[in-house]
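**Student:** I'll drop the sequence and a predicted model, then ask my questions.
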Amino acid sequence: MRNSLKKLIPYAVVGVMSGATTFGAFSYFNVKNHNSDFNYFAPKNGDAKYASFNTAGFGDDFVKAAKMTVPAVVSIKNFSNRKARSNDQDMLDFFFNPFGGNPKQQQQQTPPPNMPSGMGSGVIISPDGYIISNNHVIAGATKLEVVLSNKKSYVANLVGTDPMTDIALLKIEEKGLPYLNFANSDLTEVGQWVLAVGNPMGLNSTVTAGIISAKGRSIDLLSQQSKSPIESFIQTDAAINPGNSGGALVNPNGELIGINSAISSKTGYYEGYGFAVPSNLARKVVEDIKQFGLVQRGFLGVVPLDLSDERSVTAYNQQKKTNLKSGDGVYLIEVTDKSGAEDAGLRTGDIITKIDNTLVTSYYDLSFAVGSKRPGDKVAVTYLRNGKQNTVNVTLKDQTGGTSLRSKADLSVTEKIGSEFEPLSERFKTDYGLTSGVVAKNVEDGSEMAKIGIVDNYIVIEVNGKPVNSQKDIEKILQGYSGNVQVKYVDEMGRITTRGFKMP
């Protein structure tokens, strides 16, 4: 049977396992503990001058902002089970630097159980211990430890995560904590001074300054951890390095305008391009997680083609024998049945150019404008049809077609575990020596199924010791179940594995 199962390789897709310290979080075991890592520079002769600039007018504001921010920014230590994710260390170099290059040439080491596998930052957003950070900072953690600026440490509970925006919400049991207020990130402007506060390279409570270099920036980064990413980063040239992930980007008043998430770098370290999740989007995500246990996200119900992406347009033209021109806007390849878009009269071939007052020049503009709304919200959609501009109001729906807000208790079994399932044909089972099985589809990153190693096209053959041949079989077994779930599945190499998780 094992030899037969090896034939399953063409039917499976190998998942990329993201380590706990990706996208700029700090790998604990790759900072040497000797002084040669740090260099102190001085003029070569007494006549040399240091470069300087006049800080009058904002220097005091920087001091004030730093004093307000530093006590509210924490260090987060991620303790994870490396044995269960043996490829994480190999993937770490890639994720540290999504734009190429290798920040570390030395051999990666596997941390002992009592040492963290990675470190990042977080921001206290309420006096009773709620902390916002990045999803990639806490990914794969079996234990999360939070260290305050005063060196007090706590074990944190993970309240929830959202891979689509790379945001996570944690909670520690404490009262009277210093915290930061959210500012309106829509009011920020290019050229505005900002401070980045975090724990880069293991250096606690580090403050750097810069300006906002751009807004609404998309860098196609979150697609590595979500099938429907929402990217509209604030770009800054404040120095951000591995370990800054999850830390604060604040204005001179010490108000939170973003959560530092990524860097663009050939070396893996600061080169002048840092990216932060805007505070308005981050706040909406954590409010949803805190109140409902999951993010309430509205959808138009369309399959888009980004006209600003020349390669995608060219590929679509070649495949469909069309003659679309690249430019601004989002072309609708398909409008989903019974969706808000269909209800409002949108059709295949329409080009969306604006959502409310937000210009849509690319897919990421569309995903941000819609993804920051909830089911039931209405948006004004401006579009072109046959060269004529039209505007309609669309009521957004969730992925199940509903317009009501839901809690975790309202989720279906497959939504709770984060995967859908398709049946195997009887012939397929016979050819590969299987007596049962379903194919995992649309496995969500960070879901319970993903955590135990299942990705799209893996074959689940048993749940809690019972054979499964349809999605209904799985729903029947797990409906109302609240204990530990054991899943037996076949991976891309034909290996049979049994792993478990606690039913959420």
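**Tutor:** The structure has been received and is ready for your questions.

**Student:** Next, work out how far apart the residue lying closest to residue 370 once chain neighbours are set aside and residue 398 are.
**Tutor:** Residue nearest to residue 370 in three dimensions, not counting chain neighbours: residue 300, with 5.6 Å by Cβ to Cβ, 6 or more residues apart in numbering. The way it works is simple: take the backbone N, C-alpha and C, and place the C-beta from them, glycine included. Relative to residue 398, residue 300 is positioned 12 Å away (criterion: Cβ to Cβ, to the nearest Å).

**Student:** Then residue 457?
**Tutor:** 26 Å.

**Student:** can you check residue 247 too?
**Tutor:** Computed as Cβ to Cβ, the residue 247 to residue 398 distance reads 32 Å.

**Student:** Please apply the same query to residue 186.
**Tutor:** Applying Cβ to Cβ, one obtains 25 Å for the distance of residue 186 from residue 398.

**Student:** neighbour-wise, which of these two wins?
**Tutor:** residue 398 (17 against 11; other Cβ atoms under 10 Å).

**Student:** Can you name the residues that contact the more buried one?
**Tutor:** 296-299, 375, 406 (Cβ atoms under 8 Å, 6 or more residues apart in numbering).

**Student:** Neighbours of the nearest residue to residue 167 once chain neighbours are set aside, how many?
**Tutor:** What sits nearest to residue 167 in space, not counting adjacent residues and going by Cβ to Cβ, 6+ apart, is residue 285, at 4.6 Å. By the measure other Cβ under 10 Å, the count of residues near residue 285 is 29.

**Student:** next one: the one 3 residues further on
**Tutor:** Around residue 288 sit 19 other residues, with neighbours defined as other Cβ under 10 Å.

**Student:** isn't there a helix covering it?
**Tutor:** Yes: counting by DSSP: H, G, I helix; E, B strand; the rest coil, one finds residue 288 located in a helix.

**Student:** for it, what are its contacts?
**Tutor:** 294-296, 374.

**Student:** From residue 405, how far off is it?
**Tutor:** Taking Cβ to Cβ as the criterion, residue 288 is separated from residue 405 by 9 Å.

**Student:** and if you look at residue 461?
**Tutor:** The gap separating residue 461 from residue 405 is 36 Å, by Cβ to Cβ.

**Student:** ditto for residue 115
**Tutor:** Distance check for residue 115 against residue 405: by Cβ to Cβ, it reads 41 Å.

**Student:** With residue 413 instead?
**Tutor:** Distance, residue 413 to residue 405, by Cβ to Cβ: 20 Å.

**Student:** same check, this time on residue 336
**Tutor:** Distance from residue 336 to residue 405, counting by Cβ to Cβ: 21 Å.

**Student:** Ok, residue 128 next?
**Tutor:** When Cβ to Cβ is applied, the distance between residue 128 and residue 405 equals 24 Å.

**Student:** Then residue 415?
**Tutor:** Between residue 415 and residue 405 the distance, using Cβ to Cβ, works out to 14 Å.

**Student:** Of the two, which one has the most company?
**Tutor:** More crowded of residue 415 and residue 405, by other Cβ under 10 Å: residue 415, with 18 against 15.

**Student:** Look up which helix or strand that one falls in, please.
**Tutor:** helix 413-417 (DSSP states H and E).

**Student:** Tell me who's in contact with residue 200.
**Tutor:** Residue 200 sits in contact with 26, 206, 239-244, where contact means Cβ under 8 Å, 6+ apart.

**Student:** Please report phi then psi for it.
**Tutor:** The phi and psi torsions at residue 200 (degrees, to the nearest 10) take the values phi -70, psi 140.

**Student:** That one - nearest residue in space that isn't next to it in sequence?
**Tutor:** On the basis of Cβ to Cβ, 6+ apart, the spatially nearest residue to residue 200 that is not a chain neighbour turns out to be residue 241, at 3.7 Å.

**Student:** a strand runs through that neighbour, doesn't it?
**Tutor:** No: the assignment for residue 241, made by three-state DSSP, is coil rather than a strand.

**Student:** what residue is smack in the middle of this structure?
**Tutor:** residue 166 (2.5 Å; Cα atoms, centre = their mean).

**Student:** Okay, buried residues for stretch 351-358 please.
**Tutor:** Neighbour-count burial for stretch 351-358 flags 351-355, 358 (criterion: 16 or more other Cβ atoms under 10 Å).

**Student:** try stretch 176-186
**Tutor:** Applying a neighbour-count criterion of 16+ other Cβ under 10 Å, one finds 177, 179-180, 182-183, 185 buried in stretch 176-186.

**Student:** And for stretch 154-162?
**Tutor:** Within stretch 154-162, the residues that count as buried by 16+ other Cβ under 10 Å are 154, 156, 160-162.

**Student:** Quickly list the domain ranges of this structure.
**Tutor:** The domain map for the chain lists 185-292, 302-395, 411-502, with the assignment taken from automatic domain parsing.

**Student:** Determine which stretch of those domains is the most buried.
**Tutor:** The densest packing among those, expressed as mean neighbour count by mean count of other Cβ atoms under 10 Å, is seen in domain 185-292 with a mean of 22.

**Student:** Work out the sheet partners of the helix or strand encompassing residue 143 and label each with its direction, please.
**Tutor:** Assigning secondary structure by DSSP H and E places residue 143 in strand 141-147. Using DSSP bridges, strand 141-147 pairs in its sheet with strand 73-80 (antiparallel), strand 153-162 (antiparallel).

**Student:** Dump that strand to CSV, restricted to CA.
**Tutor:** Coordinates of the C-alpha atoms in strand 141-147 are reproduced here as CSV (Å, rounded to 0.1, in the frame of the first residue of the first chain):
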residue,chain,number,x,y,z
ALA,A,141,3.7,28.8,19.0
THR,A,142,3.0,26.3,21.7
LYS,A,143,3.8,29.0,24.3
LEU,A,144,4.0,32.8,24.1
GLU,A,145,5.8,34.8,26.7
VAL,A,146,5.5,38.6,26.9
VAL,A,147,8.2,40.7,28.5
